[in-house]
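J.: Next one to model:
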Amino acid sequence: MMNRDIFVIIKIVTSGLTAAFLIFFISALSGEDLIKNSQSIDELESISKEITDELGGGIDRRIKQLGEVPEINPYRKFYCAEFAKEIHEVSYLTEKQKIAFDVYSVRDFEGKSIRLVEFSEQSDLDGLKNELDIVKRELKNSVNLLDKKRKKFIRQRTAYAILFGVLWIVIYFYYNRGIIRK
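T.: Sure thing, here's the model as predicted:
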């Protein structure tokens, strides 16, 4: 009786390991790295959370911390420089998304930074507010892109998990009737 139970456990473990090997082999043939995809899901969720927090009130909180807009030029210029710095820090979140998708462009980020510096040197608060609106739109687009990519990875992971379950059952029945027989 004990010998038969051990034999069943060996069949279950062996069929599970065989199914896992086949899943990784199939995923490798299709060009997917299941471990990297799982790590990517976590990374995309953390970036999405950061962006959502900024859109949910972080940007407004940053602006309120700067205080009122001074009218006298040296103070106004300092205010605009601080405002540009806050915009730059928030726009870096969109760059994180672009880095995660391998579409990061140094020239694009450099162009944004140069525009922000020009607006702050000219004390052009309206130009900075327009840049902030652009950054907010980019953040919303980034969240949408991150969610699409994350959902794609989750669907792939689910499909491989289902395939693993099916293969495990099929291989177990095969081992039950075929190779490992009492």
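J.: CA atoms for contacts and neighbours, from now on please.
T.: OK.
J.: Which parts of this structure are helices?
T.: 2-29, 34-53, 59-66, 73-100, 106-121, 125-177 (DSSP state H).
J.: Most tightly packed of those?
T.: Across the helices of the chain, the average number of neighbours (mean count of other Cα atoms under 10 Å) peaks for helix 73-100, which reaches a mean of 18.
J.: Run the chain-centre distance for it.
T.: 22 Å (Cα atoms, centre = their mean, to the nearest Å).
J.: Now do that helix: which elements does it pack against?
T.: Under the contact definition 3 or more Cα pairs under 8 Å, 6 or more residues apart in numbering; DSSP states H and E, helix 73-100 sits against helix 34-53, helix 59-66, helix 106-121, helix 125-177.
J.: Now with 7 Å, please.
T.: helix 106-121, helix 125-177 (3 or more Cα pairs under 7 Å, 6 or more residues apart in numbering; DSSP states H and E).
J.: contacting residues around residue 154?
T.: If a contact means Cα atoms under 7 Å, 6 or more residues apart in numbering, then residue 154 has no contacts.
J.: That one and residue 144: what is the separation?
T.: The gap separating residue 154 from residue 144 is 15 Å, by Cα to Cα, to the nearest Å.
J.: and what of residue 7?
T.: 51 Å.
J.: would TSV of the helices of the chain with mean pLDDT be doable?
T.: Shown next, in TSV, are those (pLDDT from 0 to 100):
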stretch	mean pLDDT
helix 2-29	88
helix 34-53	89
helix 59-66	87
helix 73-100	86
helix 106-121	87
helix 125-177	91
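J.: Minimum distance to residue 46: which of the helices and strands packed on helix 73-100 has it?
T.: Nearest to residue 46, of all the helices and strands packed on helix 73-100, is helix 125-177, at 10.1 Å by Cα to Cα.
J.: tell me how far the closest one is from the chain's mean position?
T.: Worked out by Cα atoms, centre = their mean, helix 125-177 lies 8 Å from the chain centre.
J.: Would you confirm that residue 146 contacts residue 44?
T.: Yes. Using Cα atoms under 7 Å, residue 146 makes contact with residue 44 at a distance of 6.1 Å.
J.: shared neighbours of those two, which are they?
T.: With Cα under 7 Å, 6+ apart, residue 146 and residue 44 have no common neighbours.
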